[in-house]
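>>> What follows is a predicted protein model with its sequence.
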Protein chains: 2
Amino acid sequence: MTPSPAYPADPGQTPPSVVFLLSRLGYQAGSEMGRALGGLGIEPREFGLLRLLASCRGDSQRALGAMLRITPNRMVALVDGLESKGLIERRPHPDDRRAYTVTLTEKGAATLDQAFHAAFGVEAAVCASLEPAECEQLLRLLRKLAAAADERTGDLPGVHPGMLETSGKRPQYSHFR
Amino acid sequence: MTPSPAYPADPGQTPPSVVFLLSRLGYQAGSEMGRALGGLGIEPREFGLLRLLASCRGDSQRALGAMLRITPNRMVALVDGLESKGLIERRPHPDDRRAYTVTLTEKGAATLDQAFHAAFGVEAAVCASLEPAECEQLLRLLRKLAAAADERTGDLPGVHPGMLETSGKRPQYSHFR
DNA sequence: TATTGTTATACTCTATAACTATA
DNA sequence: TATAGTTATAGAGTATAACAATA
């Protein structure tokens, strides 16, 4: 057995692996975002849909799901939830009587605005320990990794691949470690 | 509504937010690790326990769970799984007839070795797009973030906080976006 | 015949609280 | 009375495959 320097067996020691740190920090950052958005009564994936709706008014439920990589059956519950909160509306599609057009309500737009604010707050908290120059440097490196990851996995650029996988209701999931 | 520059509404555009990128990259990195370990017949959280066992031989199931922040009832299934694969063994605890001592088998040690190798492979793949100097720079920044996050959340240093939350069987979970 | 939104079913994972046998 | 390991139950979330209405 060769306890690797990048993955020491001792859990009391922070593993200096990029993969481990990304997974761990990504989990924590996502958790903090979830808590912040929870204060507004929405979940991270709901934030994702609201965000998308700001630029895709008039699209059908299915088209929106395709962009977020959310399957049709799960879109139902997602749209139901936001509609019951009065943040979005289903309207008859002008060209297709089978489909709905999903749009932001005024309340939804206001909530999206608050969510952007909350997201900024989390961003600031997460980056608080870094100098501004370090933060930009980090951003540059992460973007480089993201571009490479998109190419490697074929994911849509800018879409969180976890969107297609599962919930987000509870602070969940490890995946690594 | 003010579509923030850090969180543009257009999903076809990579959001330059540190929080978003960490969540997204952490998810992808964890997924790749899961696939790599899956080739060895183990899951990420099983890797975590094997790794811990390399340095904590003789500890009870409950003590191990406390270190990984896994509740006793979930430790049962985790230990059962690894035991059924022949990678670990439950032995009677010398001082307490209620407890078991969990230890690596020879096969388990060999698998752990292979897992370290696989982890290195993923690490190399993830970092392949970065120059060696960039990789070290990234590592430095991530460690700094991790230290700050530990302080903010009170988590045990070096322990993936997702370990205590949920599965890892399927590539799951979004949390953000 | 294909597609939109929806539902029904079965399945996985989890948390909570019990239980047993020891201490 | 408390603790180690285990199990039982109920709940949330999911994927798969169906379904009715429309194209």
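Looks like it came in fine.

>>> Any idea how many residues pack against A:Ala147?
13 (other Cβ atoms under 10 Å in any protein chain shown). Bear in mind the C-beta positions are built from the backbone N, C-alpha and C, glycine included.

>>> That one touches B:Ser129, doesn't it?
Yes. Judged on Cβ atoms under 8 Å, A:Ala147 makes contact with B:Ser129 at a distance of 7.3 Å.

>>> Touching stretch A:133-144 from outside, list them.
A:127, A:130, B:14, B:16, B:18, B:21-22, B:25, B:129-130, B:134, B:137-138, B:141-142, B:144-145 (Cβ atoms under 8 Å, 6 or more residues apart in numbering or on different chains).

>>> how does it look with 6 Å?
For stretch A:133-144, the surrounding residues in contact (Cβ atoms under 6 Å, 6 or more residues apart in numbering or on different chains) are A:Cys127, B:Pro16, B:Leu21, B:Ser129, B:Glu134, B:Leu138, B:Leu141.

>>> In a markdown table: these, plus distance to DNA strand D and pLDDT.
A markdown table is the format used below for these (distance: Cβ to the nearest atom of the strand, whole Å; pLDDT from 0 to 100):
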| residue | distance to DNA strand D | pLDDT |
| --- | --- | --- |
| A:Cys127 | 29 | 97 |
| B:Pro16 | 27 | 75 |
| B:Leu21 | 22 | 95 |
| B:Ser129 | 29 | 97 |
| B:Glu134 | 35 | 98 |
| B:Leu138 | 31 | 98 |
| B:Leu141 | 31 | 98 |
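
>>> Any chance of CSV for these, columns neighbour count?
Output for these, formatted as CSV (neighbours: other Cβ atoms under 10 Å in any protein chain shown):
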residue, neighbour count
A:Cys127, 19
B:Pro16, 18
B:Leu21, 23
B:Ser129, 17
B:Glu134, 16
B:Leu138, 22
B:Leu141, 21
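
>>> among the residues you listed, which are in helices?
Among the contacts of stretch A:133-144, the residues falling in helices (DSSP state H) are A:Cys127, B:Leu21, B:Glu134, B:Leu138, B:Leu141.

>>> Can you pick out the most distant pair from the residues you listed?
A:Cys127 and B:Glu134 (18.8 Å; Cβ to Cβ).

>>> just the helices in chain A please.
Counting by DSSP H, the helices of chain A are A:18-38, A:44-53, A:61-68, A:72-84, A:106-127, A:132-153.

>>> what about stretch A:95-114, distance to the chain center?
Its chain's C-alpha centre and that of stretch A:95-114 lie 19 Å apart, by Cα atoms, centre = their mean, to the nearest Å.

>>> What residues of it count as buried?
Of all the residues in stretch A:95-114, those buried under the rule 16 or more other Cβ atoms under 10 Å in any protein chain shown are A:Ala99, A:Tyr100, A:Thr101, A:Val102, A:Thr103, A:Leu104, A:Thr105, A:Gly108, A:Ala109, A:Thr111, A:Leu112, A:Asp113.
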